[in-house]
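Engineer: quick check, what structure comes out for this input:
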Amino acid sequence: MSEQAHLEGLNDPQIEAVTTTAGPLLVLAGAGSGKTRVITHRIVHLILDGVAPQNILAVTFTNKAATEMRERVKALIMQHASSARAGLDALPVVTTFHAFGVRTLREHHATLNLPRHFTIYDRSDSNKAVKKAIEAAGYNAKQFEPRKMLSMISRAKGDALSRTDYLENASSYPEKVCAEVWEHYERTLTAEHALDFDDLLLKTLRLLEAYPTVRETLQQRYQYIHIDEYQDTNKVQFAIAKLLADAHNNICVVGDVDQNIYSWRGADIKNVLQFEQNFPGAKSVFLEENYRSSGTIIAASNAVIEKNSNRIPKTVFTSNQNGEKITLHAAHTGADEAEYVVMTIKELIADGASPSSIAILYRTNFQSRALEEAFLNFGVPYQLLGTKFFERKEIKDVLSYLRLALNPGNTADTTRIINSPTRGIGKVTMLKVIEGKRDELKGAALQKVEQFDVMMQDIADHARTEKISDTLKFIIKRSGIETDLKKHGAEEDLERLENLQELVTLATRYDELGAEEGVEALIENAALQSDQDELQSKEEKDAVRLMTVHAAKGLEFPYVFITGLEEGLFPHERLDDSGIDHEEERRLFYVALTRAEKKVYLTYAHMRTIFGQQRVNVPSSFINDISTEHVESTSTFGSGGLLGDKPSSGYEATVYLD
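Structural biologist: Numbering: from 1, shown residues only. Here you go, the predicted model:
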């Protein structure tokens with residue numbers, strides 16, 4: 001096999017990115033330009049050049065992306081690298097930022113005085129803890145909404161601020177309250193031996209900053225660093241990457257300023273714009289050829305994004321045919337819009353398209369309701385990205401048993417499962433257990449708590465010695481959950497039991513790890529699950545996908561409907577009276593357009609009910625960014641139902657306010 005075989009099929013800029021292995025490299029990759037291909041081939045190129053696989057780190061943002069990249073790297077290694085030089089017992093580390101944080105913190109847990117089996121709080125756990133923290137600080141949780149407080153704390157942690165830093169810079173009353181709440185929240189986390197999502201990154205950064213030996217160990221281990229979706233990194237993620245790369249300066253980042261759509265959660269566009277300042281001597285490579293979309297879609301998306309000024313200029317092009325025009329549909333009401341979408345999808349399916357090849361994107365979650373109603377009315381299968389598998393009660397219950405077994409004393413898990421299923425332990429008894437007042441328990445109450453303790457010890461022994469799937473089976477039986485669900489026998493109870501069986505099936509992928517390592521891997525996967533990971537777990541279902549544009553990032557579909565294209569909705573006017581961030585909203589629209597391979601449908605409604613009030617809408621200004629030569633227009637007449645489509649010649653002619 002040729003030494004250059006792994007470069008076959010790559011275009012010239014891709015080859016340049018793959019073979020530039022020394023020093024800092026910025027790969028500016030347009031939508032659909034094969035950025036994952038570049039990263040995976042670059043990793044294999046390094047291995048073929050003699051770099052040890054374990055000295056290579058690749059970091060991305062979702063479990064789905066990391067899994068895909070890991071599998072592609074493994075396949076390429078098997079194809080191009082001899083077993084003598086790159087045996088599969090030594091693979092590069094391909095992971096997400098948060099999973100990298102978990103890995104690092106577990107390895108160095110003693111340094112930070114953390115237990116190895118620390119608890120990872122998901123957003124639900126954090127919300128509950130913040131609510132208690134608000135009350136502990138003497139405030140009303142109705143006046144200071146827990147989710148908003150948590151969002152403020154999360155943003156501060158993402159900006160690498162400590163609570164003390166935040167308090168010193170607090171200029172408003174809500175910020176000062178937040179600093180107080182944060183103090184109580186941290187006390188809860190410490191007492192629970194728990195870290196929240198943001199701590200997984202912030203504590204990792206503090207570890208690297210404060211302990212030179214740890215930093216040097218990781219710098220020597222990860223001599224070649226790759227970061228995907230670099231435009232989505234926040235200050236903490238940038239700082240971690242910078243510290244890891246400081247020793248060898250071999251860092252390759254792949255990003256697209258035009259797809260920076262997460263500034264509201266801390267993603268800092270300056271990380272891309274200032275890459276050459278942060279990493280002197282950096283080289284830039286542009287990937288501008290799109291392999292995904294038709295010429296029409298590329299022309300439209302280029303026209304949209306060119307209006308932004310805060311970007312690095314590039315022009316995406318494609319060798320694909322122009323394909324079909326973009327369909328612009330003006331509906332009378334939101335209900336009409338939903339019916340038009342579903343009826344059009346029925347026609348696509350009748351013409352041979354599979355339901356799963358079709359996606360409907362919208363700017364805000366509330367828009368899904370009318371769409372779901374239409375799908376149900378017309379009997380078209382659909383899947384809504386929303387409730388995650390790991391957020392179901394029965395799944396969280398079993399995982400709480402698992403976490404509590406290895407992290408005794410965790411109040412949140414104890415509260416959740418000490419009387420679930422019901423075992424006669426009341427609130428007063430539970431409070432005494434949580435407050436460490438077991439010596440005050442007597443009689444039946446003491447006996448029930450002691451029985452619970454014995455059960456938890458049995459589970460702990462099992463978790464430390466048996467493979468994870470067997471431990472889960474043991475928990476489901478030993479806890480009484482299986483008996484309880486079978487006893488009631490309702491359809492929803494049997495469905496819950498099936499979900500638990502699916503959890504066991506899922507866990508078998510970690511059986512090859514050691515007992516405790518398998519537990520850690522499953523708990524980590526559950527805590528760090530994203531919307532796209534949930535979609536991946538259901539990909540067998542042949543159904544139309546419904547999701548927000550944010551959730552669609554990184555995905556692609558032959559047919560894409562972008563709905564609700566109205567001023568104030570998309571582009572979206574924020575509820576905090578800060579107006580519209582037109583540049584970010586335009587990037588979001590660009591992301592939506594470039595999810596499509598063959599055909600795009602744009603829809604809006606002249607009248608839509610929002611927050612109980614009917615509103616007359618102006619079509620989105622983004623529509624006018626697209627040349628009329630790429631668009632065909634239709635309209636819906638009537639109210640509350642699809643009565644027929646009538647072609648129109650131009651956008652303005654489709655406005656009907658009767």
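
Engineer: tell me what the longest helix seen in the chain is packed against?
Structural biologist: Using DSSP state H to define each element, the chain has its longest helix at helix 443-465. Helix 443-465 sits against helix 393-406, helix 427-434, helix 468-478, helix 515-527, with contacts defined as 3 or more C-beta pairs under 8 Å, 6 or more residues apart in numbering; DSSP states H and E. Every C-beta, even on glycine, is put in place using the N, C-alpha and C of the backbone.

Engineer: where does the chain have low pLDDT?
Structural biologist: Scanning the chain with the threshold set as pLDDT under 70 gives 1-3, 81-89, 386-389, 488-492, 495, 529-540, 574-579, 610-613, 636-658.

Engineer: what's the closest non-adjacent residue to Ser620?
Structural biologist: Of all residues not flanking Ser620 in the chain, Leu565 sits nearest, at 3.9 Å (C-beta to C-beta, 6 or more residues apart in numbering).

Engineer: pretty sure the one you found sits against Ile623.
Structural biologist: Yes. If you go by C-beta atoms under 8 Å, Leu565 and Ile623 touch, sitting 6.0 Å apart.

Engineer: now do the shared contacts for these two.
Structural biologist: Contact criterion C-beta atoms under 8 Å, 6 or more residues apart in numbering; residues shared by Leu565 and Ile623: 602, 604.

Engineer: so those two - more neighbours on which side?
Structural biologist: Taking other C-beta atoms under 10 Å, Leu565 and Ile623 do not tie; Leu565 has more neighbours (26 against 20).

Engineer: from Ala330, how far out is that one?
Structural biologist: With distances taken as C-beta to C-beta, to the nearest Å, Leu565 is found 10 Å from Ala330.

Engineer: need the overlap of contacts for the two.
Structural biologist: With C-beta under 8 Å, 6+ apart, Leu565 and Ala330 have common neighbours 603-604, 619.

Engineer: mind putting the residues you listed into a markdown table with distance to His550 and secondary structure?
Structural biologist: What follows is the shared contacts of Leu565 and Ala330, written out as a markdown table (distance: C-beta to C-beta, whole Å; DSSP: H, G, I helix; E, B strand; the rest coil):
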| residue | distance to His550 | secondary structure |
| --- | --- | --- |
| Thr603 | 19 | strand |
| Tyr604 | 19 | strand |
| Pro619 | 22 | strand |
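
Engineer: what about the strands in the stretch 451-600 of the chain?
Structural biologist: For the stretch 451-600 of the chain, the strands defined by DSSP state E, counting those that start in this stretch occupy 544-548, 557-562, 596-610.

Engineer: how about the stretch 201-350 of the chain?
Structural biologist: 224-227, 251-255, 283-287, 326-333.

Engineer: with just CA atoms, put the longest one into PDB.
Structural biologist: Right, the one you point to is strand 326-333. The C-alpha coordinates for strand 326-333 follow below in PDB (Å, rounded to 0.1, in the frame of the first residue of the first chain):
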ATOM      1  CA  ILE A 326     -35.800  27.000  -2.600                       C
ATOM      2  CA  THR A 327     -39.600  27.000  -2.000                       C
ATOM      3  CA  LEU A 328     -40.800  30.000   0.000                       C
ATOM      4  CA  HIS A 329     -44.300  29.600   1.500                       C
ATOM      5  CA  ALA A 330     -46.400  32.300   3.000                       C
ATOM      6  CA  ALA A 331     -49.100  30.900   5.300                       C
ATOM      7  CA  HIS A 332     -52.100  32.900   6.700                       C
ATOM      8  CA  THR A 333     -51.800  31.500  10.200                       C
END
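
Engineer: got the angle between that strand and strand 596-610?
Structural biologist: 20 degrees (axes from the mean of the first three to the mean of the last three C-alpha atoms, to 10 degrees).

Engineer: please apply the same query to the third one.
Structural biologist: Angle of strand 283-287 versus strand 596-610, following the same axes, to 10 degrees, is 90 degrees.

Engineer: now strand 283-287: buried residues?
Structural biologist: For strand 283-287, burial by neighbour count (16 or more other C-beta atoms under 10 Å) applies to 283, 285-287.
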